[in-house]
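Enquirer: got a predicted structure plus its sequence, pasted below:
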Amino acid sequence: MQERFPELGLVKEDFIEMTWIESVLFMSGLSNETSEALIDRNRSLLPPSFKSKSDYVNEPVPEIALQGLWPQLLEVDEASTAVQTFIAYGGMDETSETETPFPHRKGTLYNIHYNIGWQEEENIRSQRYISWMRKLYSYMGPFVSKSHEQRMLITEISILEEIMMMARQIISKQAFGAINILRIILID
């Protein structure tokens, strides 16, 4: 990092090396627990309400785009948490499609995952956070995937997630389970 990005001033102590499953625990706020915590069905790993979107990146995002992104990430209020994750796909195109099916293999450098979560069961401030996510996603559009189909698929899944969030708030758990099955059928 010091050779490629000296302006960041990063040192070895700024990084944590971990396995993939350790990163799942870390990102879920469970870094001091074992992977067994992930199979506890009575424990919620996510805030009651959240909104997520993703982008696939085929060319490096320009520095100017990242400079415009940081202030937007800092716009969220204290009642919410915004997280942006860059998931590197380095070397995926070196693995055979028959060995590991993966649709974003060739030419995709990384995935950017945007997430905002808030501690609220009711739908009082949800629209504010969803609007924030749409603004952020719109801002990043020119800098990420040039494939309209990739972004549309992600958008369609996000719309389904919004419908699911509303359904969760107005119907019983049994009916929500039936809608979840419908979602699986629609996406597959």
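Expert: Great, that's in hand. If you're wondering where the values come from, they're calculated on a predicted model, not measured in any experiment.
Enquirer: using the record's assignment, carve the protein into domains.
Expert: The chain breaks down by automatic domain parsing into domains covering 1-45, 47-147.
Enquirer: weakest of these in terms of mean pLDDT?
Expert: Mean pLDDT per stretch puts domain 1-45 lowest among those, at a mean of 77.
Enquirer: neighbours of Ala59, how many?
Expert: Careful, residue 59 is Glu and not Ala. Residue neighbour count, defined by other CB atoms under 10 Å, stands at 11 for Glu59. C-betas here are computed from N, CA, C, even on glycine.
Enquirer: Gln72 now?
Expert: The number of residues packed near Gln72 is 16, by other CB under 10 Å.
Enquirer: sorry, back to before: just name the most buried of the domains of the chain.
Expert: Stretch with highest mean neighbour count among the domains of the chain: domain 47-147 (a mean of 14; mean count of other CB atoms under 10 Å).
Enquirer: where do the strands sit along this structure?
Expert: Secondary structure of the chain (DSSP state E): strands at 49-57, 80-88, 110-118.
Enquirer: need the ones you listed in TSV (columns: distance to Ser35).
Expert: Conversion of the strands of the chain to TSV gives the following (distance: least, CB to CB, whole Å):
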stretch	distance to Ser35
strand 49-57	22
strand 80-88	19
strand 110-118	21
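Enquirer: for the closest residue to Arg125 other than its chain neighbours, give me its contacts.
Expert: Nearest non-adjacent residue to Arg125, counting by CB to CB, 6 or more residues apart in numbering: Trp118, 6.5 Å away. Applying CB atoms under 8 Å, 6 or more residues apart in numbering, we find Trp118 in contact with Pro47, Pro48, Ser49, Phe50, Ala79, Ser80, Thr81, Arg125, Ser126, Tyr129.
Enquirer: wait, Glu59 touches Gly107, no?
Expert: No - between Glu59 and Gly107 there is no contact under CB atoms under 8 Å: 9.1 Å.
Enquirer: joint contacts of those two?
Expert: Contacts common to Glu59 and Gly107, judged by CB under 8 Å, 6+ apart, are absent.
Enquirer: thinking again about what came up before, so which of the strands of the chain gets nearest Leu8?
Expert: With respect to Leu8, and counting by CB to CB, the nearest of these is strand 80-88 at 13.9 Å.
Enquirer: can you pull out the helices in the chain?
Expert: Counting by DSSP state H, the chain has helices at residues 20-27, 63-73, 126-140, 148-170, 173-187.
Enquirer: return the set of residues that bridge with the residue nearest to Arg125.
Expert: Listed by DSSP bridges, the beta-bridge partners for Trp118 are Ser49, Ser80.
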